[in-house]
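Colleague: Test case, fold it:
(one chain, ligands or ions: 1)
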Amino acid sequence: MKKALVCGAGGFIGGHLVEKLKAEGYWVRGVDIKAHEFRTSSADEFLQLDLRRPENCWAALSTAGGTFDEVYQLAADMGGMGFIHSAECDIMHNSALINIYMIDIAVKLGVPRYFFSSSVCVYRDMQPGEPEMTEAEAIPANPDNEYGWEKLYAERIAQAYARHNPIEVRIARFQNCYGPYGTWTGGREKAPAAMCRKIAEVEDGSTIEVWGDGSAIRSYTYVGDMVDGIYLLMQSDLEGAANIGCPQYVTVDELVATVAKVAGKTIHVKHIEGPVGVQSRNFSNARIYSLGWQAKVFLEEGIRYTYPWIESQVKAARM
Ligand code: NAD
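Modeller: Here you go, the predicted model:
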């Protein structure tokens, strides 16, 4: 039986990845600084560890009778645009420490295969209608925020270790990911979860506030598709970063309209000042497509899987 370590298993994508690896027949250790907020992890073992400390990375990566076959590093100090623009020092400090220690100790313990979760935040801002950007076009770099710079550094440290040591590194640059069992309130939630929450909280015919003018263009990838892509990439020979994203691009206003439709509510939007992030996104998925991956769940279907869960959380929080 293959052994996998999932760091960030108490979080949104890491939690779904644990389920995926269990379904694939792995023995799984999950590690996170906190337990999963929304469900009991099905990991065979779950260790609560602060991975900013090297001794905790040793504990996470050490296993009786050999090494982990696969290490998935998803732990990060992470949030939506509001968090990314306010917690710059925490992101640069905490996530960098995790990534510096994890790859170094993984190499020292002889881990053969290591996955790092990067982000499309490594790319510069784009204008609507620009041709698709490929992975190579992240350099010369000009990310919009410090979160993107940290991801770029973490990609490069992992790749440097792979050039000098017997470890295979796989890197995915995730588009915005959404689905059930993710942060939906508290300031770290991302746009799809925030819109689901705002609409679940109000009556039919109400007005919700949305940061920016609503024209920013994004693609949103359903978490089930994302973990399928992560797994496929990890099993592959594809070196270098690979974008993983749904090819459906929508404006923020279209996201709101989709959530309102799924909720069965008429919702009016008041655009207000706020941290919007980049204006546009348009990335090539050719590298991940070359492995046979394609997004199966487009936005409306994914919101149909996500909205009822967030609505139930909103209702439970009121009780
Ligand atoms: P998340 O915040 O739900 O999960 C990250 C987990 O890391 C959290 O559970 C957190 O507790 C844990 N963590 C933070 N600091 C830690 C520490 N010091 N020690 C141990 N664990 C620690 O976020 P997510 O959405 O599941 O994201 C997973 C990964 O994917 C992250 O690396 C993130 O940057 C990346 N990513 C996510 C998206 C997205 O849209 N969700 C997009 C691009 C990239």
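Colleague: Residues of this structure that sit close to the ligand?
Modeller: Contacts of the chain with the ligand, taken as CB under 6 Å from any ligand atom, map to 8, 10-14, 32-34, 50-52, 74-78, 94, 98, 117, 119, 174, 176-177, 183, 190. Any C-beta I mention is one placed from the backbone N, CA and C, and that applies to glycine too.
Colleague: Pull out the buried residues from the residues you listed.
Modeller: Taking 16 or more other CB atoms under 10 Å as the criterion, what is buried in the residues of the chain next to the ligand is 8, 10-14, 32-33, 50-52, 74-78, 94, 98, 117, 119, 174, 176-177, 183, 190.
Colleague: mind listing which of those residues are in strands?
Modeller: The strands, defined by DSSP state E, take in 32, 117, 119, 174, 176, 177 from those.
Colleague: which two of the residues you listed lie the greatest distance from each other?
Modeller: Spatial extent of these (CB to CB) is set by the pair 32 and 176 at 21.3 Å.
Colleague: Which residues does the closest residue to residue 274 other than its chain neighbours form beta bridges with?
Modeller: Of all residues not flanking residue 274 in the chain, residue 211 sits nearest, at 2.7 Å (CB to CB, 6 or more residues apart in numbering). Counting by DSSP bridges, residue 211 is bridged to residue 272.
Colleague: residues contacting the residue of the chain found nearest the ligand?
Modeller: Nearest residue of the chain to the ligand, counting by CB to the nearest ligand atom: residue 11, 2.1 Å away. Contact analysis of residue 11 by CB atoms under 8 Å, 6 or more residues apart in numbering lists 32, 36, 74, 75, 78.
Colleague: Let me know the closest of the ones in strands among the buried ones among the residues of the chain next to the ligand to residue 235.
Modeller: Using CB to CB, those come closest to residue 235 at residue 117, 16.1 Å.
Colleague: you'd agree the closest one is up against residue 170?
Modeller: No. When contacts are counted by CB atoms under 8 Å, residue 117 is not listed as touching residue 170 (10.1 Å).
Colleague: the strands in the stretch 101-250 of the chain, which residues?
Modeller: 113-119, 168-174, 176-178, 207-211, 217-222, 241-244, 249-251 (DSSP state E, counting those that start in this stretch).
Colleague: now the fourth one, how far from the centre of its chain.
Modeller: Relative to its chain's centre, strand 207-211 lies at 24 Å (CA atoms, centre = their mean, to the nearest Å).
Colleague: Residues touching it, excluding its own?
Modeller: Outside strand 207-211, the residues touching it (CB under 8 Å, 6+ apart) are 81-82, 195, 198-199, 202, 252-253, 256, 267-276.
Colleague: which of the residues in that strand are buried?
Modeller: 208, 210, 211.
Colleague: Could I get the average pLDDT for that strand?
Modeller: Mean pLDDT, computed over strand 207-211, is 96.
Colleague: Tabulate the CA atom coordinates of it in CSV.
Modeller: This file holds the C-alpha atoms of strand 207-211, laid out as CSV (Å, rounded to 0.1, in the frame of the first residue of the first chain):
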residue,chain,number,x,y,z
THR,A,207,-29.0,44.0,-2.2
ILE,A,208,-25.5,42.6,-1.5
GLU,A,209,-22.2,44.5,-1.5
VAL,A,210,-19.5,43.4,-3.9
TRP,A,211,-15.9,44.7,-4.0
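Colleague: so where's the chain uncertain?
Modeller: Across the chain, nothing is flagged by pLDDT under 70.
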